[in-house]
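A.B. asks: next one to model:
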Amino acid sequence: SKLVTFRIHRFGVDESGTMYATYPSRSTTRATWVVLATVVMVAAVGEAQDLREAFLCSDQCVEGELPNVRAEENRFLIGGLFSASGTSAERKAHSSLALRHINDKADGWWDDLLVGPAAIQLELAFNNSGCSSTAAVPAAFYQSFVSLVDGVVGASCSGSSASAQNVLKLFNTPMVSPSATSPTLSDKASYPTFLRTAITDAVQGPVFARLCRRYDWRLVAVISVDDTYGQGITAKFLAEVEADPGLGITVDSNVIIAHDMADTVDFGAQMALLRRRGVRVFLIFGHASTARNVFAAFHALGMDPASHVFLLSDSATALDLWAPEGEAVREDVRAAATGTFGISQQPGAGVLFEQYQAAWRAETQETSFDVDGDRTTMNAFGPASYDAVLTYAMAVDDMLRWGHSPYEEALLVQTLFNNVSFTGVSGAVSFDGNGDRESGNYDIKNMDGLAFRTVSVWSALDGFVDLPNANITWAGGAAGPPSDGTCAPDRSRPCPEGPDDGGAAVGLVVGVVC
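C.D. replies: Residues are numbered from 1 along each chain as shown. Purely as a prediction, here's the structure:
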């Protein structure tokens with residue numbers, strides 16, 4: 001593309017809702033201008049008000065004043081793409097703590113990093129990208145054109161990370177996400193400057209298959225959201241089941257929920273159909289709001305908890321499953337979810353992680369967060385958010401020691417992919433050629449009626465390792481795991497009990513998938 005230069009003096013939404021774009025000169029490709037013009041046109045037809053918060057970034061999602069010019073040469077500016085509330089806001093707080101630890105050269109944390117004549121201070125500029133693909137685009141443009149960031153931490157979700165990366169890659173700006181897990185983001189042709197300190201769901205899907213096999217659950221139904229996250233896990237789970245016939249798992253039904261209905265749809269009809277088909281094991285690959293609606297339907301139908309079991313992906317394995325922020329506790333959901341299994345990235349292990357728990361408890365004053373140092377209540381992606389900032393510090397330190405400027409974008413990306421390797425608060429951190437974290441464990445959690453408790457740890461090396469004295473709560477007070485209800489010789493069909501809708505596997509689509 002022909003190189004063009006344009007001047008942008010301001011970039012945002014005025015009080016009337018009209019978007020404007022003008023700011024100091026920056027060279028870029030014609031493709032960048034086309035994308036920017038597209039955003040402006042979308043806003044002009046009525047979406048400006050929806051995107052206002054992402055552009056202007058209210059006081060709730062900004063730490064200090066956003067800089068209007070590129071940081072001085074002794075500053076390295078990291079943009080943060082997070083939500084202003086909930087678990088994503090906690091991850092933002094972990095990133096802020098990392099910044100303080102790295103910049104303070106007398107606190108015992110990383111005091112040998114970024115020191116000497118060419119010492120650099122890190123800065124953070126936050127924008128609210130939410131968990132929204134729509135909001136992530138203008139937030140990424142804001143950081144590219146207004147904040148002029150050198151790198152980005154975030155976004156919180158896979159869909160918003162993919163959208164933000166489509167902007168940031170135009171400027172060769174690296175992006176390190178602590179919680180975007182979709183395997184789709186491993187495609188370097190599409191997401192060339194994306195890395196993550198989270199574990200890719202390419203691992204999570206197979207772990208679910210192994211968990212089903214461990215408890216001899218052969219007949220299952222999958223309920224998933226049609227976004228990048230839900231379909232990424234579903235694809236890996238189905239591929240694992242197909243590739244390993246020894247697992248003996250049959251997927252009876254695959255229920256796909258349109259992402260724009262996942263928070264509100266009534267699952268009563270779908271759960272009634274799955275009950276008639278005799279399915280007792282349900283895997284939910286979606287978010288807490290999706291699982292909440294499934295459990296509500298399960299409870300409303302009077303289905304027997306003792307004869308069913310649910311397995312939840314990491315985004316649904318959260319306390320806000322039955323206690324949404326700002327809302328009353330959903331006792332129907334909590335009752336139905338008791339005995340459920342969930343999975344989450346292990347936040348960390350070992351001495352350094354224990355020291356970090358103590359620092360988090362002592363140094364973080366956020367009253368809305370649980371800071372009691374209990375690894376089962378610290379957000380699973382919190383330490384990975386800390387290590388995402390630390391990743392940049394390690395890369396910049398390497399470049400300074402080699403005599404290079406950390407503002408050389410192409411070399412910074414190369415350093416992140418090929419040279420960064422360290423032990424952080426979340427464990428060993430290094431990246432493969434796709435930007436995926438090369439190691440990491442999963443906590444297997446069980447809902448005991450009050451909270452999700454870790455009962456086992458899964459690793460690629462050791463498989464499942466049960467924690468000492470970890471007691472599993474089974475739904476309905478049962479003494480052991482429920483049967484999957486299969487009786488056929490090959491265990492592929494349920495026992496005959498009540499109406500049946502046929503022997504073939506079915507795929508259900510709820511809402512309009514687009």
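A.B. asks: just to be sure, Asp252 is in a helix?
C.D. replies: No: under DSSP: H, G, I helix; E, B strand; the rest coil, Asp252 sits outside any helix and is assigned strand.
A.B. asks: low-scoring stretches of the stretch 101-250 of the chain, by residue?
C.D. replies: 118 (pLDDT under 70).
A.B. asks: how about the strands in it?
C.D. replies: 121-128, 151-154, 175-177, 194-196, 219-225, 250-257 (DSSP state E, counting those that start in this stretch).
A.B. asks: other SSEs contacting the first one?
C.D. replies: This means strand 121-128. On a contact count with 3 or more Cβ pairs under 8 Å, 6 or more residues apart in numbering; DSSP states H and E, strand 121-128 meets helix 48-56, strand 75-82, helix 86-103, helix 133-142, helix 382-401. Where you see a C-beta, it was placed from the backbone N, CA and C, and this is true even at glycine.
A.B. asks: show me what the nearest residue to Ala155 once chain neighbours are set aside is bridged to.
C.D. replies: Nearest residue to Ala155, sequence neighbours excluded (Cβ to Cβ, 6 or more residues apart in numbering): Leu81, at 4.0 Å. With DSSP bridges as the criterion, Leu81 is bridged to Asn127, Gly154.
A.B. asks: pretty sure Leu81 contacts Cys157?
C.D. replies: No: between Leu81 and Cys157 there is no contact under Cβ atoms under 8 Å: 9.9 Å.
A.B. asks: quick one: which of those two has more around it?
C.D. replies: Leu81 (32 against 28; other Cβ atoms under 10 Å).
A.B. asks: contact partners for the more buried one?
C.D. replies: 126-127, 129, 136, 139-140, 143, 152-156, 160-161, 164 (Cβ atoms under 8 Å, 6 or more residues apart in numbering).
A.B. asks: still on that earlier bit, distance check, the residue nearest to Ala155 against Glu327.
C.D. replies: For Leu81, the distance to Glu327 (Cβ to Cβ, to the nearest Å) stands at 26 Å.
A.B. asks: and if you look at Tyr142?
C.D. replies: 30 Å.
A.B. asks: for these two, indicate the residue with more neighbours.
C.D. replies: Tyr142 (25 against 9).
A.B. asks: my guess is the more buried one meets Asn127, correct?
C.D. replies: Yes: Tyr142 lies in contact with Asn127 (Cβ under 8 Å); the separation is 5.5 Å.
A.B. asks: isn't Cys495 right up against Arg280?
C.D. replies: No: between Cys495 and Arg280 there is no contact under Cβ under 8 Å: 10.1 Å.
A.B. asks: and for the two, which residues touch both?
C.D. replies: Gly485.
A.B. asks: these two - which one has more neighbours?
C.D. replies: In this view Cys495 and Arg280 are compared by other Cβ under 10 Å, and Arg280 has more residues nearby, 21 against 12.
A.B. asks: what's the closest non-adjacent residue to Gly463?
C.D. replies: Using Cβ to Cβ, 6+ apart, the nearest residue to Gly463 is Arg210, at 7.2 Å.
A.B. asks: in what helix or strand does Ala359 lie?
C.D. replies: helix 351-363 (DSSP states H and E).
A.B. asks: now do the buried residues in that helix.
C.D. replies: Phe353, Tyr356, Gln357, Ala359, Trp360 (16 or more other Cβ atoms under 10 Å).
A.B. asks: any chance of TSV for the residues you listed, columns distance to Phe310 and pLDDT?
C.D. replies: Below are the buried residues of helix 351-363 laid out as TSV (distance: Cβ to Cβ, whole Å; pLDDT from 0 to 100):
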residue	distance to Phe310	pLDDT
Phe353	29	93
Tyr356	32	94
Gln357	29	88
Ala359	35	90
Trp360	31	88
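A.B. asks: now the strands for the stretch 351-500 of the chain?
C.D. replies: 421-424, 427-430, 442-447, 452-459, 463-466.
A.B. asks: gap between the second one and the chain center?
C.D. replies: Its chain's C-alpha centre and that of strand 427-430 lie 18 Å apart, by Cα atoms, centre = their mean, to the nearest Å.
A.B. asks: show me what that strand is packed against.
C.D. replies: So strand 427-430, by 3+ Cβ pairs under 8 Å, 6+ apart, packs with helix 382-401, strand 421-424.
A.B. asks: quick one: which of those is nearest Ser253?
C.D. replies: Closest approach to Ser253 among those (Cβ to Cβ): helix 382-401, 33.3 Å.
A.B. asks: quick check: angle from that closest one to strand 75-82?
C.D. replies: Taking axes from the mean of the first three to the mean of the last three Cα atoms, to 10 degrees, one finds helix 382-401 and strand 75-82 inclined to each other by 160 degrees.
A.B. asks: show me which positions of helix 382-401 end up buried.
C.D. replies: For helix 382-401, by 16+ other Cβ under 10 Å, it's 382-400.
A.B. asks: next one: stretch 206-217
C.D. replies: Quick answer for stretch 206-217 (16+ other Cβ under 10 Å): Pro206, Val207, Phe208, Ala209, Leu211, Cys212, Arg213, Tyr215, Trp217.
A.B. asks: thinking again about what came up before, just send the helices and strands packed on strand 121-128 back as CSV, with distance to Asp244 too.
C.D. replies: Below are those laid out as CSV (distance: least, Cβ to Cβ, whole Å):
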stretch, distance to Asp244
helix 48-56, 43
strand 75-82, 37
helix 86-103, 33
helix 133-142, 33
helix 382-401, 29
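A.B. asks: looking at these, which is nearest to Phe171?
C.D. replies: Using Cβ to Cβ, the helices and strands packed on strand 121-128 put helix 133-142 closest to Phe171, at 9.6 Å.
A.B. asks: and the closest one, what does it pack onto?
C.D. replies: Counting by 3+ Cβ pairs under 8 Å, 6+ apart, helix 133-142 packs on strand 3-13, helix 30-42, helix 48-56, strand 75-82, strand 121-128, helix 158-168.
A.B. asks: what about 10 Å?
C.D. replies: Contacts defined by 3 or more Cβ pairs under 10 Å, 6 or more residues apart in numbering; DSSP states H and E place helix 133-142 against strand 3-13, helix 30-42, helix 48-56, strand 75-82, strand 121-128, strand 151-154, helix 158-168.
A.B. asks: so where's the stretch 401-514 of the chain shaky on pLDDT?
C.D. replies: Looking at the stretch 401-514 of the chain by pLDDT under 70, you get 488-492, 496-514.
A.B. asks: I'd like the buried residues of stretch 206-217 written out as JSON lines, with distance to Ala428 added.
C.D. replies: As requested, these are exported to JSON lines (distance: Cβ to Cβ, whole Å):
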{"residue": "Pro206", "distance to Ala428": "20"}
{"residue": "Val207", "distance to Ala428": "19"}
{"residue": "Phe208", "distance to Ala428": "24"}
{"residue": "Ala209", "distance to Ala428": "25"}
{"residue": "Leu211", "distance to Ala428": "24"}
{"residue": "Cys212", "distance to Ala428": "29"}
{"residue": "Arg213", "distance to Ala428": "28"}
{"residue": "Tyr215", "distance to Ala428": "30"}
{"residue": "Trp217", "distance to Ala428": "32"}
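A.B. asks: ok, the residues you listed vs Val225, which is closest?
C.D. replies: Proximity of the buried residues of stretch 206-217 to Val225 (Cβ to Cβ) peaks at Phe208, which lies at 15.5 Å.
A.B. asks: now do the contacts for the closest one.
C.D. replies: Contacts for Phe208 were tallied using Cβ atoms under 10 Å, 6 or more residues apart in numbering; they are 201, 220, 222, 233-234, 236-237, 240-241, 249, 283, 285, 311-313, 341, 343, 442.
A.B. asks: and the residue nearest to Ala155, how far from Leu467?
C.D. replies: 34 Å.
A.B. asks: now the helices and strands packed on strand 427-430 in JSON lines, with distance to Ser179?
C.D. replies: As requested, the helices and strands packed on strand 427-430 are exported to JSON lines (distance: least, Cβ to Cβ, whole Å):
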{"stretch": "helix 382-401", "distance to Ser179": "7"}
{"stretch": "strand 421-424", "distance to Ser179": "15"}
